[in-house]
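Chemist: I need the structure of the sequence given here:
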Amino acid sequence: MARLAAADEGPYNLRSDGKPGIDGYLGDFHRGPAVFTLYSLGSHPADPARITEYLLDVEDGAGPRECCRFTDDTDSVPEWSRTWQNDPWCPAIMLRCQELIDHPSD
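Modeler: Alright, predicted model coming up:
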């Protein structure tokens, strides 16, 4: 019989947008006391360029909150949540996100 995952176990929690944490899960990483989880939101079917949107959540003990949204469009600029705008961690966080996009967790 398959074991059901607990609501707060691994990627099986809820994303900041309320959807199941397994949907689009690419991986997670720690930086300081925070855990960052990256999700692929896919691309809009009507978009001929097939630009993929990503959601980065942060969990530091207060529940998952949106940290950033960005796309794989080279002209796109990440949209950081108000609390993360101009944070010195942002460049390193984006590098780690790119690593997860290139090599998602299993």
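Chemist: every contact and neighbour count from this point should use C-alpha atoms.
Modeler: Will do.
Chemist: okay, now the sheet partners of the longest strand that the chain contains, with direction.
Modeler: In the chain, assigned by DSSP state E, the strand with the most residues is strand 34-42. In the sheet, strand 34-42 lines up against strand 25-31 (antiparallel), strand 53-59 (antiparallel) (DSSP bridges).
Chemist: so what touches the first one?
Modeler: Residues outside strand 25-31 that contact it (Cα atoms under 8 Å, 6 or more residues apart in numbering): 11, 35-40, 96, 100-101, 104-106.
Chemist: do stretch 95-102 as well
Modeler: Residues contacting stretch 95-102 (Cα under 8 Å, 6+ apart): 26-29, 38.
Chemist: flag every buried residue along that stretch.
Modeler: Neighbour counts over stretch 95-102 (16 or more other Cα atoms under 10 Å) mark 96-97, 100-101 as buried.
Chemist: of the residues you listed, which is the nearest to Cys67?
Modeler: Cys97 (11.9 Å; Cα to Cα).
Chemist: looking at this, the closest one is in a helix?
Modeler: Yes. Under DSSP: H, G, I helix; E, B strand; the rest coil, Cys97 sits within a helix.
Chemist: quick check: it vs Gly24, distance?
Modeler: 14 Å (Cα to Cα, to the nearest Å).
Chemist: ok now stretch 98-106, how far from the chain's centre?
Modeler: 11 Å (Cα atoms, centre = their mean, to the nearest Å).
Chemist: again, but for stretch 38-47
Modeler: That offset, for stretch 38-47, works out to 13 Å (Cα atoms, centre = their mean).
Chemist: mind listing residues that contact it?
Modeler: 23-28, 50-57, 97, 100.
Chemist: list the contacts for the spatially closest residue to Asp57 that is not a sequence neighbour?
Modeler: Using Cα to Cα, 6 or more residues apart in numbering and skipping the chain neighbours, the partner closest in space to Asp57 is Glu66 (4.5 Å). Residues near Glu66 by Cα under 8 Å, 6+ apart: 16-17, 55-58, 81.
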